[in-house]
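Novice: Structure here, sequence nowhere to be found:
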């Protein structure tokens, strides 16, 4: 398509949008895993026994949470070149007692150093991870990358069956599947495939979450989920969801890492499984099933707040008034006798167990009789983001307290607040006012209408902000917005008008982007960059352009563009030629 001769073969004009992207994860390859990850509640089981790859069952070496946090590493647990926490398990690794497979695997400890304290299925228990399987054993080509596991013994010392909920990577059969144990007292599981096909490949990113919330087991792998209610009594092909309540005594803990599923106990230390983790988090807390409710009571009466929660017993309660702990308020209910005006305020409760804590939503105690009538107005009520809005209280009956909810997660307790809406949308504003007699709420639905600069530009010119070309000048509406050009004026288009030699220099005359002040908030200026691609003898060139070092920052425009020029010093001395284009930088 390029002409064969001449100093300048082709004029190329491109608008280049400069976009930034966030790093998927931020891991330091020079740090040990214990510095890139919070391993304070994990200990590590290794595929060695007394430092030897025995290929036999029995005891295995382990590393404590404190050692991991201090930076411990070895051949089987280390930081990869990309910062990943990497687990390597050769096929001839030592096995734990009762297991046929070696592992380099983290085992959760609710209390660091203590394997005897684990969690019941009540409350919220969540493990989230991102990993890649880099190598699989050559025989089974299978590795387990995450587990919920029963300890060997129940809290009363009796033996458990050691059930486990597992996420399996099966490279041979091209599937990611889970093993599910529905009955806490029966060692019997079934499999369910979540991902299959070509997407199951080595070095592919795997995102998974294992959660247990009040008996509901949910496992999600790369956006595909399965869930089972372990307390429901559901019978699935002979597997029954049962024996997970408190009476059963069955508890669980999380595991994550590399559980090599090889069946080959050969002396082959180079064959095995390798798994790299890029994220690993755990969360535990009681689950609040019934939030304390707002109350309105007259002076002199009693007020009672109640919370419902599930977790690992014993549950502990700590009630708060206006975020301040209340002395001796440690029961599931809080009763305030002979309520006075000074008792009005916000009540909440922190529910804690051995695994963590959860805070209830706020419950408001309002003491009557008198309540003001809430009212407010705002100015402006519409405009372009970021939109600064002044709010004024117009309530009657002399309120003394204000609680504003601006509809975008912003709040204020000022009588006359100012709030800036940074995101486009239609917002409902709520004001709660109160005084010593009570409270009142005023909600104005769809009260504040905020549009984006692009919407403002589209409204101003009457064209949609899309890939259409309203004026037929070869530039889409969206790109004309970004460049700061009038989308209804065909002459307002970025283009090179002429190229001429001036001695050894090349003078490029073009229509550049110089801003657009005709709409609000408008475009102040744009930076135009002159770039070139070296031409070949046959007149061809590549699409790899380099900067000439020449830029024009143009401003003060009305969207029509500005005829100007840039000079490429000594550009005419290049043999055989240069091809030019102008690139517009968009913030």
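Specialist: Now that the structure is in, tell me what you want to look at. Remember, it's a predicted structure, so these values are computed and weren't measured experimentally. Numbering: from 1, shown residues only.
Novice: switch to C-alpha atoms for all contacts and neighbour counts from now on
Specialist: Fine.
Novice: I'd assumed residue 512 was in contact with residue 559.
Specialist: No: under the criterion of CA atoms under 8 Å, residue 559 is not in contact with residue 512, lying 10.3 Å apart.
Novice: okay, those two: which has more neighbours?
Specialist: The residue with more neighbours, out of residue 559 and residue 512, is residue 512; 30 against 26, by other CA atoms under 10 Å.
Novice: Hmm, the more buried one is touching residue 494, no?
Specialist: Yes: counting by CA under 8 Å, residue 494 is a contact partner of residue 512 at 5.7 Å.
Novice: Wasn't residue 550 part of a strand?
Specialist: Yes: Residue 550 sits within a strand when classified using DSSP: H, G, I helix; E, B strand; the rest coil.
Novice: Ignoring the adjacent residues along the chain, who's closest to it?
Specialist: Once flanking residues are discounted, residue 550 sits nearest to residue 530: 5.6 Å by CA to CA, 6 or more residues apart in numbering.
Novice: Quick check: that neighbour vs residue 501, distance?
Specialist: According to CA to CA, to the nearest Å, residue 530 and residue 501 sit 16 Å apart.
Novice: Look at those two and report which has more neighbours.
Specialist: Between residue 530 and residue 501, counting by other CA under 10 Å, residue 530 is the more crowded of the two (23 against 16).
Novice: distance of that one from residue 547?
Specialist: Per CA to CA, residue 530 is found 6 Å from residue 547.
Novice: now swap in residue 312 and tell me
Specialist: 64 Å.
Novice: between these two, which one's more packed in?
Specialist: It is residue 312, of residue 312 and residue 547, that has more neighbours when counted by other CA under 10 Å, with 22 against 16.
Novice: Surely the more buried one is in a helix?
Specialist: No: counting by three-state DSSP, residue 312 is not found in a helix; it is coil.
Novice: and stretch 382-390, which residues are buried?
Specialist: Of all the residues in stretch 382-390, those buried under the rule 16 or more other CA atoms under 10 Å are 382, 383, 384, 385, 387, 388, 389.
Novice: low-confidence ranges in the stretch 151-300 of the chain?
Specialist: Within the stretch 151-300 of the chain, the ranges that satisfy pLDDT under 70 run 265, 267.
Novice: Kindly apply the preceding question to the chain instead.
Specialist: Applying pLDDT under 70 to the chain flags residues 1-25, 265, 267, 369-370.
Novice: can I see the domain layout of it?
Specialist: Here the domain parsing of the chain from automatic domain parsing is 41-285, 296-359, 376-451, 461-585.
Novice: Hmm, residue 260 and residue 101 touching each other?
Specialist: Yes: Residue 101 is within contact range of residue 260, at 6.0 Å (criterion: CA under 8 Å).
Novice: Just want to know which of those two has more residues nearby.
Specialist: Neighbours per residue (other CA under 10 Å) separate residue 101 from residue 260, with residue 260 holding more: 30 against 25.
Novice: my read: the more buried one touches residue 137, true?
Specialist: Yes: Residue 260 is within contact range of residue 137, at 7.2 Å (criterion: CA under 8 Å).
Novice: shared neighbours of those two, anything?
Specialist: Listed as contacting both residue 260 and residue 137 by CA atoms under 8 Å, 6 or more residues apart in numbering are 91, 143, 272, 273.
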